[in-house]
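Trainee: Provide a 3D model corresponding to the input given below.
(one chain, ligands or ions: 2)
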Amino acid sequence: MAVQISPSILAADFARLADEAAAVPNADWLHVDVMDYHFVPNLTLGLPVVEALRKATDKPLDCHLMIADPDRWAPRYAEAGAGSVTIHAEAAKAPIRTLREIRALGARAGLALNPATPVEPYEDLLEEVDMLLLMTVEPGFGGQKFLEMVLPKVRRAREMVSRHGGRVWLQVDGGIDEDTIGRCAEAGADVFVAGSAVYGASDPVEAIDKLRAAADRAIS
Ligand SMILES: O=C(CO)[C@@H](O)[C@H](O)COP(=O)(O)O
Ligand SMILES: [Fe+2]
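Mentor: Ligands and ions are numbered 1, 2, ... in the order given. Just a heads-up that it's a prediction; the model follows:
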């Protein structure tokens, strides 16, 4: 599958979100990090902001829910118009039901794993998901250093996904820049979240082009 870039608005100016969304016309998605002070020690934004963003941009929203009760809230993000809703395996108590609800509401269903969570126990859930998100930092904050230790897991996840027909997208999130994106692409990731590397750059459009080119180079 072609490389996809999903800039994280966590690194954008929250007072100017509509402008920040418009600043990345060459992005495939807009990554929206929802944090609730419980699952992670940070608080960002929730449903009202996602609803407002939905009206402010045509870019599909890739909502990454770092919240304690995704079973309750994930379907609401799909109803709010998110194109993709990702729940954390560590937080969901009924992941199969929740993933099915997300899909039934017309969104892509994602399952996220923290760096220390093994991927193998989730092989049986692959039928229920459209995207696996492997965190390459501990969730909660932007601007952290990429965890190299996750790369072997990305490789194992790619093998798993291939065994199941290759339909499931493999996303990496955290510390993705022009250097680390190539290693992730080579290991098998195909959807790349980048916050600081895009919104911290003086030219976000150029930054996305460079990230995409680096990923393409690594797999060509
Ligand atoms: O989910 C998260 C953090 O928990 C990410 O989406 C970050 O927003 C990525 O930021 P960078 O590491 O690219 O700065
Ligand atoms: Fe994220």
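Trainee: which ones are touching the spatially closest residue to residue 174 that is not a sequence neighbour?
Mentor: Once flanking residues are discounted, residue 174 sits nearest to residue 137: 3.0 Å by Cβ to Cβ, 6 or more residues apart in numbering. No exception for glycine: its C-beta is placed from N, CA and C like everyone else's. Listed by Cβ atoms under 8 Å, 6 or more residues apart in numbering, the contact partners of residue 137 are 115, 144-147, 173-175.
Trainee: near ligand 2, which residues of the protein?
Mentor: For the chain, the residues in contact with ligand 2 (Cβ under 5 Å from the ion) are 33, 64, 173.
Trainee: The second one belongs to a strand?
Mentor: In this case it means residue 64. Yes. Counting by DSSP: H, G, I helix; E, B strand; the rest coil, residue 64 falls inside a strand.
Trainee: so what's it scoring on pLDDT?
Mentor: Residue 64 carries a pLDDT value of 99.
Trainee: what's across from it in the sheet?
Mentor: residue 33, residue 86 (DSSP bridges).
Trainee: What of the last one?
Mentor: As for beta bridges, residue 173 partners with residue 135, residue 193 under DSSP bridges.
Trainee: My read is that it contacts residue 193, right?
Mentor: Yes. In this structure, residue 173 is within contact of residue 193 by Cβ atoms under 8 Å, at 3.8 Å.
Trainee: do the helix or strand harbouring residue 215 and ligand 1 meet?
Mentor: Element membership for residue 215 (DSSP states H and E) is helix 204-219. No. Shown here: helix 204-219 not in contact with ligand 1 (Cβ under 6 Å from any ligand atom), separated by at least 10.3 Å.
Trainee: Give me the helices and strands touching that helix, please.
Mentor: With contacts defined as 3 or more Cβ pairs under 8 Å, 6 or more residues apart in numbering; DSSP states H and E, the packing partners of helix 204-219 are strand 4-7, helix 180-187, strand 191-194, helix 196-199.
Trainee: With residue 220 as the reference, name the closest of these.
Mentor: For the helices and strands packed on helix 204-219, proximity to residue 220 was assessed by Cβ to Cβ; helix 180-187 is nearest, at 9.7 Å.
Trainee: got the angle for the closest one vs helix 204-219?
Mentor: Per axes from the mean of the first three to the mean of the last three Cα atoms, to 10 degrees, the angle that helix 180-187 makes with helix 204-219 is 40 degrees.
Trainee: Closest residue of this structure to ligand 2?
Mentor: Relative to ligand 2, the nearest point of the chain is residue 64 (3.7 Å; Cβ to the ion).
Trainee: Determine the number of other residues adjacent to that residue.
Mentor: Residue neighbour count, defined by other Cβ atoms under 10 Å, stands at 28 for residue 64.
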